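Enquirer: What would the 3D arrangement of this be:
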Amino acid sequence: MHGVALLLFNSFDYLIFLPLVAAAYWLTPAKLRIPLLVAASYYFYMHSFRIYGLLLGGLTLANYLIGLGLAKPALQNKPSQKRLLLIAGIAFNLGMLALFKYTNLLLDTLNSALSAMGAALHSEFFKSTGVQDLPIILPLGISFFVFEFIHYITDVHKGSKPVRNPLRFALFASFFPSQIAGPIKRYQDFDKQLEDPAKLKVTESQLTEGLWLIARGLFKKVALGDNLAPIVQAGFANPQLMSSTDAWIAALAFAFQIYYDFSGYTDIGRGSAMLFGFSLPENFNMPYIARSLKDFWHRWHISLSTWLRDYLYIPMGGSKKGEASTLGNLFMTMVLGGLWHGASWTFLIWGAFHGLGLAINRIWEAFLAKHPVLKQAGESLAGQTLAYIVTMLTVLVGWVLFYAQSLPQALAVLQAMFSPQAGSETCQVSHLLTQSTLIPAAVLYALTIPSLKIYNSLAAISNLANQKPQQLTSLSRGSHAFALTVVLIMTLELAPRMASPFIYFQF
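Expert: Here you go, the predicted model:
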C-alpha cells in the first residue's frame, strides 16, 4: 500500500504496541479487559485508514443483530422465515465482500469487453485512493472476518447459542492478533475463553511459548521470506529471459516465501494472543511433507480449508449424492476458494487447478482401493517417494499460477521451467541467492528446529523430575531470555534492506 502507515507485525511500532497493550491488559480490572482489547483492536485496524473502523463496526453490528434475530423464540417454529433471515445475512456479507473486492474485476472485464467492441467504460463514480492503484479501497482482512461472520450466523441458525454480550462479539470480530490474515476463528471456541475474563491467566510456560512463537514468526518472515522476495520478483518480472534453472529457482523461492511469510504471520498472531491468555487455532502443519494433494490441504491454511469444507463443500452436498456429484462439489469448492483469494482470473484458475487435482486424487484413491497390489506398491518407499514428487510438482505449478499477475506471465514461467532454454545474462536469478543473507538464514533455521526439539524434550524431562510441569527454573528463564535475544538480533542482522508486505494482507 503506497504511502500508508500500517501497524505491521514485523514493524518496530508493533513491538512497542504489543507489550504496552499486554501490560495494560493485565494491570486493568478483569471487567474492563474486554473493552480494552476491543479499543486496542480497533486502533490497530484503523491505524492505516480510519474509515476501516466504520466498515468493521457496521458489519459487526449487523451480524450481531442477525444472530440475535436467528435465536429469537418466535422464529424457532417458523423455519422458512428463519432460513430467509439466514440467506439475507449471508447475502449481505457476501455482497459487502463483492463490493470491495470484486467490483474492480467486473469493471475491468466490462471495460475490456467494451474496448474490444470499439467502446470504452469511463466511470467517474469511484476516485482513486492510491491503494494498489485501485479505485475502491480494499479493506484489510475483509475476506477473513466476512468468513467468520458467515460461520457465526450459519452456526446460530443450526442451533448454536448466539453471543449476547455486544463487547464479546465485537472482540471476536476485531481481535487484532487474528484480524488481518487469520487464522479464521470459530466463535464457539473463542467466546468460551471470554466467559470469565478473571479466569484468563498466562502461565510462565504459555508466556515463554508465546514469545518464542513471535520470535520464530519474525525470523521466518524477515530473515527467510523477505530474502526470498527479490528472487521471486526478478524471475517473474522477466520470465522470457530466464533459463530453466532460474525458472525453477524462482518457482521454488515463491513456494517457500509464501510459506515462511504466511506461517510467520500466523506464529506472530498466535504468540501475541497467548500473551493475553487466548488460544488461536493452528494454521499450518508441515505442508511440504504432504504425499497427496488431499494431505496438502489438510496441512496448508487449515482454518480456511476446514471452513471451505464445513460451509461450502458439505452444504453443496459433500459426498452424499454420488461420486460424480462429489467430484463436482470438490471442484467448485476449490474454484470458489481460489476466487476468495482475490479478484483475478489467475486466482480462479489456481482454484480450478487444485479442484481438478483433488478430484483426480479422489479417483486415484478409489482405484487403489480396488487394486490391493497397486495400493501395496504405493505404500512402499518408492511409491511414497513418487507420490511426494508428484504432489510437490502439482503444488509448485499451482504456486506459479497463484503468484503470476496474468495467465500469459504464468505460462511463460511454466514454459521456462519445463522446456530447456538458456536464458539471458540480464536475468540470472540464481546469482541473487549468493547476494543475499538467505543461505545463512536458512542454515540457521534448519539447525534451530532440531535444537529446539532437543531443548524442549530435556525441559520436559526436567519438569517431570521436579514435578513442576507448569514452571521453569530460574536458569531456564535466563536461557530463554538469552536465546530470544539472540534470535531477534540475528533476525535484524539477516534482514534484507527492503522489507516486503505480508502476502496475505491483500486477501
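Enquirer: Might you list the low-confidence residue ranges for the stretch 101-250 of the chain?
Expert: 104-137 (pLDDT under 70).
Enquirer: And the protein, what are its domain boundaries?
Expert: Per the record, the chain has its domains at 12-111+126-200, 201-507, by automatic domain parsing.
Enquirer: could I get these as TSV with mean neighbour count?
Expert: Any C-beta I mention is one placed from the backbone N, CA and C, and that applies to glycine too. As requested, the domains of the chain are exported to TSV (neighbours: other C-beta atoms under 10 Å):
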stretch	mean neighbour count
domain 12-111+126-200	17
domain 201-507	17
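Enquirer: Quick check: which element contains Y102?
Expert: Secondary structure assigned from DSSP states H and E places Y102 in helix 79-116.
Enquirer: Now the element after that helix, going C-ward?
Expert: That would be, after helix 79-116 and using DSSP H and E, helix 142-158.
Enquirer: what about that following helix, distance to the chain center?
Expert: Distance, stretch centre to chain centre, for helix 142-158: 17 Å (C-alpha atoms, centre = their mean, to the nearest Å).
Enquirer: Please write out the alpha-carbon positions of whichever helix or strand comes after it in CSV.
Expert: Sequence order places helix 166-174 as the next helix or strand after helix 142-158, per DSSP H and E. Output in CSV follows, covering the C-alpha atoms of helix 166-174 (Å, rounded to 0.1, in the frame of the first residue of the first chain):
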residue,chain,number,x,y,z
PRO,A,166,-22.1,-7.0,22.3
LEU,A,167,-18.5,-6.3,23.5
ARG,A,168,-17.6,-10.0,23.4
PHE,A,169,-19.0,-10.3,19.9
ALA,A,170,-17.1,-7.1,18.9
LEU,A,171,-13.8,-8.7,20.2
PHE,A,172,-14.5,-11.9,18.3
ALA,A,173,-14.7,-9.9,15.1
SER,A,174,-11.8,-7.5,15.8
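Enquirer: chain center to helix 166-174: distance?
Expert: Helix 166-174 sits 21 Å away from the centroid of its parent chain (C-alpha atoms, centre = their mean).
Enquirer: Ok, stretch 196-209 next?
Expert: 25 Å.
Enquirer: send the alpha carbons of that stretch over as PDB?
Expert: The C-alpha trace of stretch 196-209 is given here as PDB (Å, rounded to 0.1, in the frame of the first residue of the first chain):
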ATOM      1  CA  ASP A 196     -15.000 -15.200  32.700                       C
ATOM      2  CA  PRO A 197     -12.200 -12.700  32.000                       C
ATOM      3  CA  ALA A 198     -10.900 -13.100  35.600                       C
ATOM      4  CA  LYS A 199     -10.000 -16.700  34.800                       C
ATOM      5  CA  LEU A 200      -7.900 -15.800  31.800                       C
ATOM      6  CA  LYS A 201      -4.300 -16.200  33.000                       C
ATOM      7  CA  VAL A 202      -1.000 -16.700  31.400                       C
ATOM      8  CA  THR A 203       1.300 -19.300  33.000                       C
ATOM      9  CA  GLU A 204       5.000 -18.900  32.700                       C
ATOM     10  CA  SER A 205       5.200 -21.700  30.100                       C
ATOM     11  CA  GLN A 206       2.500 -20.000  28.000                       C
ATOM     12  CA  LEU A 207       4.300 -16.700  28.100                       C
ATOM     13  CA  THR A 208       7.500 -18.400  27.000                       C
ATOM     14  CA  GLU A 209       5.800 -20.300  24.200                       C
END
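Enquirer: All set now, cheers.
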